[in-house]
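S.K.: Have a look at this prediction, sequence included:
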Amino acid sequence: MVIGKKMSVCGGENNNKDPFPNAEFRVGTVWMYNFSGSEEEFALASCFIRQGTVVNKMMIRTTSFPAKKKLKIEAAVAKLEELQTEDQWEELTIKCF
């Protein structure tokens, strides 16, 4: 998936509510390298969580960033964790590495 210009990741220009309209599309683990916590990247990650696309783990790499940037990313990860539904709490793990 390519995130372009200033379009909504969940909405896009074609007005689809879901970037993955097939309800059966699931992945066990997503590794997000170079996640900067930008608006577009956060929107993509939040779609993965809200739609239940990621089932087991969302791993976000922060080790390649300076400490100040790392704090911003960890704050974004905390917001992602808040998006989890009660059903996801036991199954889905969101971690920085």
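M.R.: Here it is on my side, so go on.
S.K.: how close does residue 88 sit to residue 40?
M.R.: Distance, residue 88 to residue 40, using CB to CB, to the nearest Å: 23 Å. The C-beta positions use only the backbone N, C-alpha and C, and glycine is treated the same way.
S.K.: The one residue sitting closest to the centre of the chain - nearest residue in space that isn't next to it in sequence?
M.R.: Centroid-nearest residue in the chain: residue 45, 1.3 Å away (criterion: CA atoms, centre = their mean). Nearest non-adjacent residue to residue 45, counting by CB to CB, 6 or more residues apart in numbering: residue 80, 5.6 Å away.
S.K.: quick one: the one you found and residue 44 touch, right?
M.R.: No. Under the criterion of CB atoms under 8 Å, residue 80 is not in contact with residue 44, lying 10.7 Å apart.
S.K.: and the two? which has more neighbours close in?
M.R.: residue 80 (21 against 18; other CB atoms under 10 Å).
S.K.: Assign the more buried one to helix, strand or coil.
M.R.: Put simply, residue 80 is helix when judged by DSSP: H, G, I helix; E, B strand; the rest coil.
S.K.: May I have the residues that are in contact with it?
M.R.: By CB atoms under 8 Å, 6 or more residues apart in numbering, the contact set of residue 80 is 42, 45-46, 49, 58, 94.
S.K.: just those residues now: which is nearest residue 68?
M.R.: residue 42 (17.7 Å; CB to CB).
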